[in-house]
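Asker: Here you go, sequence then predicted model.
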Amino acid sequence: MYEDSIEEYKETKDLVTTHITFSLEGGKMQLIRIALKNTQNFLLEKKTIESW
């Protein structure tokens with residue numbers, strides 16, 4: 001979220017992820033899947049942002 005050109009992170013319950021906690025050795029990669037729980041809320045927010 002951006003307010004007054006400042007990037008701000010807020011807690012959300014709208015996302016689902018795999019491997020919530022994991023250890024990763026240096027130089028290794030880990031695939032993390034992220035999905036929206038409720039796409040209807042996302043589409044509403046996207047429309048609001050695009051209308052600015």
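Answerer: Right, received. Where do you want to start?
Asker: mind listing the helices for this protein?
Answerer: 39-50 (DSSP state H).
Asker: which intervals of it have sub-threshold pLDDT?
Answerer: Low-confidence segments of the chain (pLDDT under 70): 1-3, 19, 39-52.
Asker: Show the contacting residues for Lys37.
Answerer: Lys13, Asp14, Leu15, Val16 (C-beta atoms under 8 Å, 6 or more residues apart in numbering). To be clear about C-beta, it is placed using only N, CA and C from the backbone, and glycine gets the same treatment.
Asker: which of the residues you listed lies closest to Asp4?
Answerer: Asp14 (23.2 Å; C-beta to C-beta).
Asker: what's the nearest residue to that closest one if we skip its chain neighbours?
Answerer: In space, and not counting its chain neighbours, Asp14 is closest to Lys37: 5.5 Å by C-beta to C-beta, 6 or more residues apart in numbering.
Asker: From one end of stretch 27-37 to the other, what's the distance?
Answerer: Terminal residues of stretch 27-37 are spaced 31 Å apart (C-alpha to C-alpha, to the nearest Å).
Asker: got the contacts of Lys37 as a markdown table, with distance to Arg33 and neighbour count columns?
Answerer: Below are those laid out as a markdown table (distance: C-beta to C-beta, whole Å; neighbours: other C-beta atoms under 10 Å):
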| residue | distance to Arg33 | neighbour count |
| --- | --- | --- |
| Lys13 | 17 | 7 |
| Asp14 | 15 | 12 |
| Leu15 | 10 | 10 |
| Val16 | 8 | 11 |
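Asker: Export those residues as TSV, with columns for distance to Leu24.
Answerer: Below are the contacts of Lys37 laid out as TSV (distance: C-beta to C-beta, whole Å):
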residue	distance to Leu24
Lys13	25
Asp14	25
Leu15	20
Val16	20
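Asker: Go through those and flag which are in strands.
Answerer: Leu15, Val16 (DSSP state E).
Asker: ok, the contacts of Lys37 vs Gly26, which is closest?
Answerer: Nearest to Gly26 among the contacts of Lys37 is Leu15, at 26.8 Å by C-beta to C-beta.
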